[in-house]
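1. Predicted model and sequence below, questions to follow.
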Amino acid sequence: QHFRKVSIHLSILMSSNTSKKIIGQFVSALAKKQPTPGGGAAAAAGASIGGAAASMSAAYTKRKKDIESGAAEKADALIDSIKLEEYLKAADDDAEAYADLQRTWKDANMSIEEKNEIKVRALKVPTDLLENCHANIMDIKTFLPHCNPNITSDAKVGIHLLAGSARSAYQTVMVNSPSEEEMMRLQQLLKEIRDVEDEIL
């Protein structure tokens, strides 16, 4: 049932919102010479697909033997931890943040306070995405030993896609001029992600 819901949701990935686009329309829009969707939305959409793949592996870990062993409970915990809606919303948040940034460049009457608030939000969107990808990768790593052995590859696909999205989000962070301390903190999260990837390769 969960897998069916995930599949249906991903099939609704053009209105003005990335989260409502069919995936083919989103890809076509991303390839065009236009401000949004851009790299930040691409990272968020990739994370949603990675999260969905991992959720599917958990949905298949609900057999009688999984219930008896406690693996099904761990599968439920993983499913609960992966917020697909939040990943998709991050794509829309990225577009809104960029539109606001453009206003700071063009609106001579905008106050310094408002400009600073916009810059803070533009940095927060990709930072949150990176942090969520990291958290879900660690959740999947914990779940992997309990995963239905016939579908562990899908859980690993989830890790790799989320890892790519985390690194992509980092590039968007860098465009928004983070502090040296914040940059180092995020690099540490990326290192931890890379270590997980190395373990499953």
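-> Perfect, I can see it now. Residues are numbered from 1 along each chain as shown.

2. hey, let's count contacts and neighbours off CA atoms from now on
-> Noted.

3. which SSE is the residue nearest the centre of the chain in?
-> With distances taken as CA atoms, centre = their mean, residue 47 lies nearest the centre of the chain, 3.1 Å away. Per DSSP states H and E, residue 47 falls inside helix 39-59.

4. Tell me which helix or strand comes right after the lengthiest helix in the chain.
-> In the chain, taking DSSP state H as the definition, the longest helix is helix 112-143. Downstream of helix 112-143, the first helix or strand assigned by DSSP H and E is helix 152-175.

5. helix or strand right after that following helix?
-> helix 180-200.

6. Show me how far that following helix is from its chain's centre.
-> Distance, stretch centre to chain centre, for helix 180-200: 15 Å (CA atoms, centre = their mean, to the nearest Å).

7. Quick one: name whatever helix or strand follows the helix holding residue 47.
-> Next element after helix 39-59 (DSSP H and E): helix 64-69.

8. ok, and what's touching that next one?
-> Applying CA atoms under 8 Å, 6 or more residues apart in numbering, the contact partners of helix 64-69 are 72-73, 148.

9. If we only consider those residues, which is nearest to residue 124?
-> Relative to residue 124, the closest of those is residue 73; by CA to CA it sits at 32.8 Å.

10. That closest one and residue 82, how far apart?
-> Per CA to CA, to the nearest Å, residue 73 is found 15 Å from residue 82.

11. now swap in residue 150 and tell me
-> 21 Å.

12. out of these two, which sits in the more crowded spot?
-> residue 82 (23 against 10; other CA atoms under 10 Å).

13. Could you give me the buried positions within stretch 110-130?
-> Residues 115, 118-119, 121-130 are the ones in stretch 110-130 that count as buried (16 or more other CA atoms under 10 Å).

14. Repeat that for stretch 170-184.
-> Residues 170, 172-173, 176, 178 are the ones in stretch 170-184 that count as buried (16+ other CA under 10 Å).

15. ends of it, how far apart?
-> With CA to CA applied, stretch 170-184 spans 11 Å between its terminal residues.

16. What are the contacting residues of it?
-> With contact meaning CA under 8 Å, 6+ apart, stretch 170-184 is reached by 39-40, 119, 122-123, 126-127, 130, 186.

17. Show the subsequent helix or strand relative to the helix or strand hosting residue 77.
-> Using DSSP H and E, residue 77 sits in helix 71-81. Using DSSP H and E, the helix or strand that follows helix 71-81 in sequence is helix 84-106.

18. just the angle between the strand or helix carrying residue 24 and helix 39-59, please?
-> Take DSSP H and E as the rule and residue 24 turns out to sit in helix 23-31. Taking axes from the mean of the first three to the mean of the last three CA atoms, to 10 degrees, one finds helix 23-31 and helix 39-59 inclined to each other by 150 degrees.

19. how about low-confidence regions in this structure?
-> Residue ranges of the chain with pLDDT under 70: 1-21.

20. Is it correct that residue 156 is in contact with residue 200?
-> Yes. If you go by CA atoms under 8 Å, residue 156 and residue 200 touch, sitting 7.3 Å apart.
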